[in-house]
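In: mind looking at a prediction? Sequence and model below.
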Amino acid sequence: MPRVLVVDDQKDVRAMVSIVLRVNQFDVVEAESGVAGLKAFGKEIFDAAIVDIFLTDISGIDVMAAIRERVPGFPIVAVSGMTTLDFISEAPGLAGVICLQKPFRPNDLLQALRTAQTAAGGELSAAV
């Protein structure tokens, strides 16, 4: 069962994303902040991460950069309700990060995860 780290400071968004993933056979670890997400990433093994760009403690960009510094090319889906995310592919170390604008449909989330995994050169084994 693929394991996904969900980093979002909005409890309702984390809950919705987690439900969608669990229904589709993913193991989910939720983090309510960037610091908590990086701590979890340092302790456990994940197959992908979903990271909100605007977190209350540190920038989601910094979270994604730290993840990619530890594991280059790691599959990441960046989400935001505030802005377009086109700039992410230009950021150092964040090539291949898949961007998803809030609000999104469950199928959009699953497709973004598939695309992120393909960009990283692998496939998620859950029924997505």
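Out: Nice, I can see it. Not measured: the values here are computed from a predicted model.
In: mind listing what G42 touches?
Out: Residues in contact with G42 (C-beta atoms under 8 Å, 6 or more residues apart in numbering) are R70. To be clear about C-beta, it is placed using only N, CA and C from the backbone, and glycine gets the same treatment.
In: can you confirm it is in a helix?
Out: Yes: counting by DSSP: H, G, I helix; E, B strand; the rest coil, G42 is part of a helix.
In: show me where the protein dips below the pLDDT cut-off.
Out: The model of the chain has pLDDT under 70 over residues 82-92, 122-128.
In: centroid residue for it?
Out: I50 (1.3 Å; C-alpha atoms, centre = their mean).
In: how about that one, secondary structure?
Out: At I50 the chain is in strand, as set by three-state DSSP.
In: check L5 too.
Out: strand.
In: neighbours around the nearest residue to it once chain neighbours are set aside, how many?
Out: Leaving aside its chain neighbours, L5 sits nearest to A49 (4.3 Å; criterion: C-beta to C-beta, 6 or more residues apart in numbering). Using other C-beta atoms under 10 Å, A49 has 28 neighbouring residues.
In: and A49, how far is that from K102?
Out: 16 Å (C-beta to C-beta, to the nearest Å).
In: one more: D27?
Out: 23 Å.
In: contact partners for the closest residue to G73 other than its chain neighbours?
Out: Once flanking residues are discounted, G73 sits nearest to A120: 5.0 Å by C-beta to C-beta, 6+ apart. Applying C-beta under 8 Å, 6+ apart to A120 gives the contacts 73-75, 96.
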